[in-house]
Each structure stands twice: as structure tokens, then as C-alpha cells.
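1. Structure of the sequence below:
(chains A and B)
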Amino acid sequence: MNKPINRLFLVALLMFGALLVSTSWWTVLRADDLDHDTANHRELIRAQKIRRGTIFAGDGSVIARSTRDNEGVYHRDYPQGKRFGHPVGYSYASIGQSELERYRNDELTGAKNAITTTFDQLVGKAREGDDVRTSLDPRAQQLALDQIAAVGRSGAAVALDPRTGAVKVMASTPTYNPNTIADKGQLKAANNDDEHTPLVNRAVQFGAAPGSTFKVVTSTAAIDSGEFSPSSTVDGDSGQKISAVPLANDFNQDFGQVTLATALAKSVNTAFANVGEKLGKATMKRYMERFGFDAKPELDYPKDTMSASVVAPNPPGHAVSPTSRFVDVGRMAIGQGGLQATPLQMAQVAAAVANGGRLMKPHLTTRVVDRDGRTVDTISPSLQSTVMKPSTAAAVTDMMVGVVQSGTGTKAAIPGIQVAGKTGTAETEFGAKINDVWFIGFAPAENPRIAVAVTVKAVTGFGGDFAAPIARDIMQELLK
Amino acid sequence: MSARNRELFALIPAALLVSAGFAAVFLSRDQLLGGLSGSNEISNVSLTYGAIFLGLCVVAHLFLRLTLKHADPYLFPLGALLASFGLVEIYRIDDGLARLQAQWFVIGLGLFAATILLLRDDYRKLERYRYLIAIGGILLLLLPRAFSPVNGAYLSIQIGSLSVQPAEFAKIAIVIFLASYLRDTRQLLVTAGRRVAGVTVPPLKHFGPMLVIWGASMLLLFYIRDVGSSVMFFGAFLAMIYVATDRLSFVVVGVVTFALGAYLVAGHIGHIADRIDAWQDPFNPELLNRLQGGSYQLAQGLWAQADGGVLGQGFGQAVLRISGQCATEATSTVNCSLLPAPHTDFIYAVIVNELGLVGAAGLLCVYLLFVQRGFKIAMLARDSFSKLLATGLTSVFALQVFVIVGGVTKLIPLTGVTLPFVSYGGSSVLANFVLLALLLLISDRARRDAELPA
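-> Numbering: from 1, shown residues only, chains lettered A, B, ... in the order given. The predicted structure is shown next:
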């Protein structure tokens, strides 16, 4: 009877072997798929028990922090409330993460330190998130939000350090309070609010016609390509046919033969439309791409919640290459013709000129610091593209100084500091005199430390009257 | 070294596992880093449950020194090691349950001692009561039918706050009966039969009772709706008949008829069909979100194992308690666990989650060693009854491990049986201690007769 018993043991051996194989199947071979299954909430639940890193503003004040309750679960709160709803976003187990909270999720949850974490677990140390330090300025951010809200229903402002690309202000109105967004119904209500769209970060999403602020791009292309100089003269009469359709200047003013510098200062549409047609689509495309058009921004921010700044004429009603046959290059050269630019993009236009033609990659994060205060990662300034020669940048700067000294942008002037800028007024409803107003600029002109773009939607008036003062106050605050 | 000294030394792994496990769970819950103690705080007193358990092991060892001097030295330490795995994981899930489980160990060891004392002179006197035992076993199986079903099956009966699973005891009764019955008929089954197409067909007179066993398994499936127990009983029966007759044809015929019957019966029982659907596609969102008869538990078990990976998350680190679902801080984790039944049917998934593939391999090795000792005892035993009894007890034990671990790892459709010595539960602990006592009794006799050194 012992032989069958022996065989039975072999059967048992095989059966236990099968159990080991099936356990290996789930723990090793299929583990990765299963761990990342969206129906598997383990990682979310575990993340609640990890101390999520703090997000700091540039002045050291806290933007987002996690506090632990007596169940051992951490809760996120935002001491500055609505101020940084954009661009920092929110982080809750129930609704996930958005904006910078999403982009830096791995650092904030400590997932980036996988190797040390395994070791720490062996010695019984709990996983902890790293802190994220940003360059955001709370006072200038608040000022931007307040002033945009005072002028119009919606709008956005972006301020950068042109030398490093560090973002100082990223304000979008209307905003929302990240402290209450996780409440039942609040997120749904915010998502369904088609009138105010409070969750849209207007600084980086859904660009609009930048109007005359785009003439800075056209001026750069004109001078840097060698086709024009600031003193070249162009026909600035109103009513000239551009792409077979007459184009008017503001108040139908005829300027006759004007220099490029004067044309920028007085924002002469027909003069720049002529420049655009002379340069041609290929040259315009080359310079637009150097400034960052036609591609998603290189910001440390979720790519799917940023829009590329593009030209989307109608027809065909969608984004096309600037060299497309649908593009009216004359109107594109004055920021119309279906051009859609975000405030971040226009701030980068100003920043490229301000930094001698060298456009720096924009970034919100300056450093990632662990719980013991050690710097884990420093985001050092890096070049995005060389847009123009330094001499071109100097010439365009002079022309932009002229805008603020004696042109359409005099309300951006700061006593004692030379400001360079450009106004923009994009008509949205023709005849109704309701415009999107813009201002881009930088200061001090001789040694720029701040570049800014401001836009306010649906304003009855001009960029020089409504957007320029906001830009001035933001720059003044940041230059303190 | 004498067998009992070996046994004492072999208890060291269990002692280490309990000490390390309790310390790790205690530390991980005490929130040393946070300072604030969380809800599910474990009192210092609870650390003594581990010590109580180890004390019991030593007492049982001393008892064996006095009563069964020659018994297999490794079987008891292996059982203790399995129980250590279970006790630590149960402690990790809910320290209150660990206290109850430790109490069950006390009662279990009492029953263990009683079994040994009662049958020490000659356990073969069980043969005399074989029909009584068989009837008792069948009654035990049918008993839950008088109560309301749990998850579609009649598995347990509720007596006050106590839940009893009679099938755990029935499995031992039926194995005793079969061992005794097969001892008498094994010669006749082989020799008195006619050979038809190369297959030995025994006369109906002797084969009849075998058909009764098959019928009982089908009845178990249909009436009690317990696939797990049904597979265990029938599997053990086949193992025993194979050892009794050395005829593979019996096993083949048995497997075919069982499969056929199961196929016919399963289609008519809703919850068995549900289990098979869940087994085929556990991650199907429709099955996953179904409130009754879905695949939620199986999928959670597989996710828990994936979460464990090779090395596991560490003692006390698996995600079980979901804040917000537990009504109060004092609510037992069992009632608001991400993984349903973490302390009973799915304890294997929790072990894999916390100890990883490495821990699972260790646990399976311990089971395999236990099974190896069991079959070894069967081989050493001198008489057929002892051989068959040891074979049957070991087979039913091995099958129980296979049914639940195979179910939790989606190797076979899931059916709820406990993981022997590891799962929480009084019936399971008591029954397995009786099983252990019987194996030790057989081994003591076999080794005393053979006067084997080891």
C-alpha cells in the first residue's frame, strides 16, 4: 500500500506547485497591471495615509498642506483659499488631483524615492512626501485677481522672471476655492457652470485673439529677418485691402508713411498687416515657433490642461499651420485672423524680448525638498529657444518703450522705472464695441526682471485703458 | 536526540514567527512616528496573546512527552507554525479576534489532549463505532440545512454569537468511516470483481456503499450547496480508495462521475453558476459592481496579492481598513474591510499582501511538510486501517488547502473553506486539532512498533 501513498504525495506536490505558480502569477507577472487598475483603490487609500508634501509660495507662505486626523488619514487644505486655485489646483482622494498638485504628485507623495522607500520600509520608516517650493508671489497674485475682477467678468494674468522663466503670477478669474471643491456637488456645480467656467485656468487654456500685442512678434520677425529696421517706413493709411478685404485702423485714422517704431507706438493695423504680407507666412511661422506658438508650453503643469497657442482661421475652423492657404497673414500679423494665444504665451513673448532674445522655459517649481530639508531637486533655468539676435531684442525693446512713453500704453508707466510694453484690443462682437483687452510688457526696460501679460474679457474700451494699469501694478508690486 | 527533544527544538520557528510578527504589528499600529495613536490602537495587553499561544505550545509539548513518546516529532511544530501565521495575521486584522482565537487554541488543545487520552490505548477501537460515526458525520453535514443559508450555502449554524461549521468535524468522521470500511472491503473490491474492457468492476454488494458516497457528495453539492466541502470529501474518498486498491481505474471513474454530476448540478444552483462567472472574468466591471454573487471579493483578493508582490508590504502594512466605511473607531476591521472576510476565507490574500510571494511560498512549504509527515505516517503504519486513516486525514487536509488557496488565487472557482490552522474560527481550530491528535496517535503506534530512531 505504500506505493500509492508515495504517488499521492507526488500529486500533493504537484498541486502545491500549482498553488505557488498561481500565486506567482498574481504577485509577479500580473502585479503591475493589477496595481494600476483604476478600479483598484489601494494606492489612493494608501496615499491618504502618506503625509503629502507641502506646497510653498516664493515668500515661504504655505499654499497647500496636509494635516493628520486621529484615524491616521491626512487631509489637504489650502490656507490661501481661492488665491492659488489656479495654478496649484487640488488633491483629494475622492476626486483626484489637478494642476500642479497633479503634475508634482509623485514628488508630493514620495513615490519618486522608490529605492530609498523600500529601504525605509524595511527599517520601519513610513513613506513621506517631499515639499514643493514654487516661485509664486501671493501679493502680486492677489492683486492680479482683484484688479481683473474689478474690470471685467473674466480674465487672466501671467508674470514671469524673464531671466529664469520662474512664474511669479498665474491668475485666472473667475477662480474657485480648492478647500470646498471636494464637497459633494461643488465639483459638479463648478464643472457644469458653463457661464463662469471657474475650473478653467485661463492663463494656459483656451487662447483668444491677442490683438495688437502680437505686433511684438511681427516686429521681431521684421527686424530679425533683416527685412525691416525700426526706421523703415510702411503705408499706414486706413482702409487698405488686406487679402482683398479692407482693413481699418482704430478710429479709421490715416497715418500715411510711418516708421515701424511709430507704427508700434500708435498700433497702426494697416502698417503691420503690410509688414506681415511682405514677410510672408514662412517667416512669420519661423518666428512664431521660436516664441513657442504651435506647441504646448514647456511649463511644469499637466500637458492635457494646457492649450497650444495657434492660428485657427474660419474656414476651416480648426488649428492650421501658419503657412496654410487658409491663413490671412496680414490679419494674423496684427493678432487677428483666427489667432488664439494664451496669456502664458504672450508673457513669454514679452519675456523673450526682455531677456535679449533668449526665451527661458517657464516653471512654477523652483525646488523639491525632502522632510529633512535636503534639496532633492532644483529646477535650474534652462533655455527654451533663442528667438532673436540681441540687437533685435534691443531694437524691439526701444520700440516697446516708445509705446509706454508716447503711444497707446502710457497708463503702464511706473514713476522712476522705464517700462516696455504693448497694448492689444481684440474686437469680439463687431460694432458692439465689446473687446478683449490685452497688455504685455516688461520692466525695468534696461535690465528686465519682470515680464507680464494681462487680458480681460468683454470690456467696453481699449487695452491701454484697462489692461495696462493692471500690468503696471503687478510689475510695480513684483519690483518692490 | 529523542523525538520529543527534536519536537521542542522544532518549535523555535513558531516562537520566532509569533514574536517577530506580534512585535511588527504592534509597532506598525502604534504609530511611533506620528505620536498620536490611531483608532485601531492595540493595547499592550494584546501582546500577551502571543505569549499565551507559545505557552500553550510548550504545555502541549510536555503533554506529548508524557503520552505519545514515539510520535512524529515534526507534525506538532508544523501545526504550531501554521497557527502562528494565522494568529499574527488575525492579530493584525483585529486584536480582539486574536484574543478569541487564542481562546479557541486553549479549547482546541483541550480537545487534542482529550482525544489522545481517550484513544491512547488503541485508537483502532474507533472501528467498532464506524456506523455511529458515519451517521454522526452525515447528520453534522445536514444540520445547517435546518438554519438559514449564508451567501447561498448552508455552511454554518448560529448558536447565540457563536458560528459553528459542522462540516469541519464531519470531514474527520467520514474519513474514519471510510478507513474502516475500506479496510474490510479492499480485497474484495479488487479480487471479487469481473474485468470489463480492462476495468475491474467490483460486485454491486461491495460497490454499493461506494455509490452511496458518490451520491452523498452530489447531495452535499445540491442540498448543502457547498462545493468546497463536496470536493474535499470526494477527493479524500478517491485518495483512500486508490491507496486501498491500487487501481487507478476507480479514481478515473470517480473523477468522471463526479465531474458529470457536478456539471449537471451546478447549472441549477444560482450561486455556483455565479462563482464560475466570477472566476472566469473577475475584473469585469459588471461583475465587480454586482452587489450579490459578483466578483468583488475575488478581485479584491487578487489586487491584495498583486499589492504584496515578491516581498510583501510588511506586517501590518496591507490596506484593509477604509476610513469613512468604519462606523466608529472601535468598529472591527472585519466589518469595514476593503477585502471581505480577511480573517477567514481570504486570509491567504492578506498573508500574500503583507509577506509577499516569499511569505506565501514559506506558508505553502509548511503545509507541504505537514502533508509529507502525514503521508510518511501512513507509510510507516503497520495495519491497513491506520494507513487508510492517515492517508484520508492527510488528503482531506491537503485538499482543503488546495481548495481555498486555489480559489483565492483564481486557479479554480472560489469556494469558501477555511485555511487549516491559519483562518480564524472555532470549528476549524477544534477540528484540525482533533485531526492532528489522530495523526500523532497513528504515528506513535507505528514508530513504537517499528522502534525507529527518527
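
2. By mean pLDDT, flag the weakest helix or strand of chain A.
-> helix A:114-122 (a mean of 54; mean pLDDT, DSSP states H and E).

3. Show me what the helix or strand that that helix is followed by is packed up against.
-> Counting by DSSP states H and E, the element after helix A:114-122 in chain order, helix or strand, is strand A:131-134. Under the contact definition 3 or more CB pairs under 8 Å, 6 or more residues apart in numbering or on different chains; DSSP states H and E, strand A:131-134 sits against strand A:55-56, strand A:365-369. For the C-beta atoms, the positions are set from N, CA and C on the backbone; glycine is no exception.

4. Tell me which of the ones you listed sits nearest to B:T191.
-> strand A:365-369 (81.9 Å; CB to CB).

5. then the following helix or strand past the closest one to PDB, C-alphas only?
-> Proceeding N to C from strand A:365-369, the next assigned helix or strand is strand A:375-378, under DSSP H and E. The C-alpha coordinates for strand A:375-378 follow below in PDB (Å, rounded to 0.1, in the frame of the first residue of the first chain):
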ATOM      1  CA  THR A 375      17.000  69.600  -1.600                       C
ATOM      2  CA  VAL A 376      16.000  66.600  -3.700                       C
ATOM      3  CA  ASP A 377      15.700  68.500  -7.000                       C
ATOM      4  CA  THR A 378      16.400  72.100  -8.100                       C
END
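
6. rewinding a little: for the helices and strands packed on strand A:131-134, which one sits closest to B:S332?
-> strand A:55-56 (37.4 Å).

7. Run through the neighbouring helices and strands of the helix or strand following that closest one.
-> Going down the chain from strand A:55-56, the next helix or strand is strand A:62-68, by DSSP H and E. Counting contacts by 3+ CB pairs under 8 Å, 6+ apart, strand A:62-68 packs against strand A:55-56, strand A:74-77.

8. Pull up the pairing partners for the longest one, direction included.
-> Meaning strand A:74-77. Strand A:74-77 sits in its sheet next to strand A:62-68 (antiparallel), going by DSSP bridges.

9. And the strand it pairs with, what's buried?
-> A:I63, A:A64, A:R65, A:S66, A:R68 (16 or more other CB atoms under 10 Å in any protein chain shown).

10. again, but for stretch B:93-107
-> In stretch B:93-107, counting by 16+ other CB under 10 Å, buried: B:I93, B:D94, B:D95, B:G96, B:L97, B:A98, B:R99, B:Q101, B:A102, B:W104, B:F105.

11. likewise stretch B:15-30?
-> So stretch B:15-30, judged by 16+ other CB under 10 Å, has buried residues B:A15, B:L17, B:V18, B:S19, B:G21, B:F22, B:A24, B:V25, B:F26, B:S28, B:R29.

12. Next: stretch A:86-106.
-> Those would be A:86-93, A:97-105, for stretch A:86-106 by 16+ other CB under 10 Å.

13. What of stretch A:398-410?
-> Buried, per 16+ other CB under 10 Å, within stretch A:398-410: A:M399, A:M400, A:V401, A:G402, A:V403, A:V404, A:G407, A:T408, A:G409, A:T410.

14. do the same with stretch B:435-451
-> Result for stretch B:435-451 [16+ other CB under 10 Å]: buried residues B:435-447.

15. and it, anywhere near chain A?
-> No - Stretch B:435-451 lies out of reach of chain A by CB under 8 Å from any CB of the partner chain, never closer than 12.1 Å.

16. Quick one: mean pLDDT over that stretch.
-> Mean pLDDT, computed over stretch B:435-451, is 88.

17. Check the buried residues of stretch B:93-107 one by one and keep those near chain A.
-> Among these, no residue is within reach of chain A (CB under 8 Å from any CB).

18. Considering the helices and strands packed on strand A:62-68, which stretch scores lowest in mean pLDDT?
-> strand A:74-77 (a mean of 87).

19. got the contact list for the residue in the stretch 201-350 of chain A positioned nearest to chain B?
-> Nearest residue of the stretch 201-350 of chain A to chain B, counting by CB to the nearest CB: A:D304, 23.9 Å away. By CB atoms under 8 Å, 6 or more residues apart in numbering or on different chains, the contact list for A:D304 is empty.

20. if we can go back for a sec, identify, out of the helices and strands packed on strand A:62-68, the most deeply packed stretch.
-> Each of the helices and strands packed on strand A:62-68 was assessed for mean neighbour count using mean count of other CB atoms under 10 Å in any protein chain shown. The highest is strand A:55-56, with a mean of 23.

21. outside of that strand, which residues touch it?
-> Here strand A:55-56 makes contact (CB under 8 Å, 6+ apart) with A:62-65, A:88, A:100-101, A:104, A:108, A:131-134.

22. Walk me through which strands that strand pairs with, and which way each runs.
-> Looking at strand A:55-56 with DSSP bridges, its partner strands are strand A:62-68 (antiparallel), strand A:131-134 (parallel).

23. could I get those strands as JSON lines with mean pLDDT and distance to B:Q165?
-> Conversion of those to JSON lines gives the following (pLDDT from 0 to 100; distance: least, CB to CB, whole Å):
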{"stretch": "strand A:62-68", "mean pLDDT": "90", "distance to B:Q165": "41"}
{"stretch": "strand A:131-134", "mean pLDDT": "94", "distance to B:Q165": "53"}
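
24. okay if I get those strands as a markdown table plus distance to A:V310?
-> Output for the strands paired with strand A:55-56, formatted as a markdown table (distance: least, CB to CB, whole Å):
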| stretch | distance to A:V310 |
| --- | --- |
| strand A:62-68 | 31 |
| strand A:131-134 | 28 |
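
25. closest one to B:G137 among the ones you listed?
-> Per CB to CB, nearest to B:G137 of those: strand A:62-68, 54.2 Å.

26. coming back round to it: the residue of the stretch 201-350 of chain A closest to chain B should be in a helix, yeah?
-> Yes - according to DSSP: H, G, I helix; E, B strand; the rest coil, A:D304 belongs to a helix.

27. So for it, what pLDDT did the model give?
-> Looking at A:D304, its pLDDT is 88.

28. How about the one 4 residues further on?
-> We have a pLDDT of 94 for A:A308.

29. Is it correct that it falls within a strand?
-> No - the assignment for A:A308, made by three-state DSSP, is coil rather than a strand.

30. Show me where chain B dips below the pLDDT cut-off.
-> Scanning chain B for pLDDT under 70 picks out B:29-43, B:148-155, B:158-162, B:192-207, B:209-210, B:221, B:266-267, B:322-331, B:451-454.

31. Where is the longest helix in it?
-> Counting residues, the longest helix found in chain B (DSSP state H) is helix B:347-380.

32. what's the next secondary structure element after that helix?
-> Helix B:347-380 is succeeded, C-terminally, by helix B:384-408 (DSSP H and E).

33. can you pull out the strands in chain B?
-> Applying DSSP state E to chain B gives strands spanning B:157-159, B:162-164, B:194-196, B:199-201.

34. nearest to A:F291, of the buried residues of strand A:62-68?
-> A:I63 (29.5 Å).

35. Enumerate every residue touching the residue in the stretch 101-250 of chain B that chain A sits nearest to.
-> The nearest approach of the stretch 101-250 of chain B to chain A comes at B:V243, 4.5 Å away (CB to the nearest CB). Residues near B:V243 by CB under 8 Å, 6+ apart: A:M1, A:P4, A:I5, A:L8, B:A378, B:K387, B:L388, B:T391.
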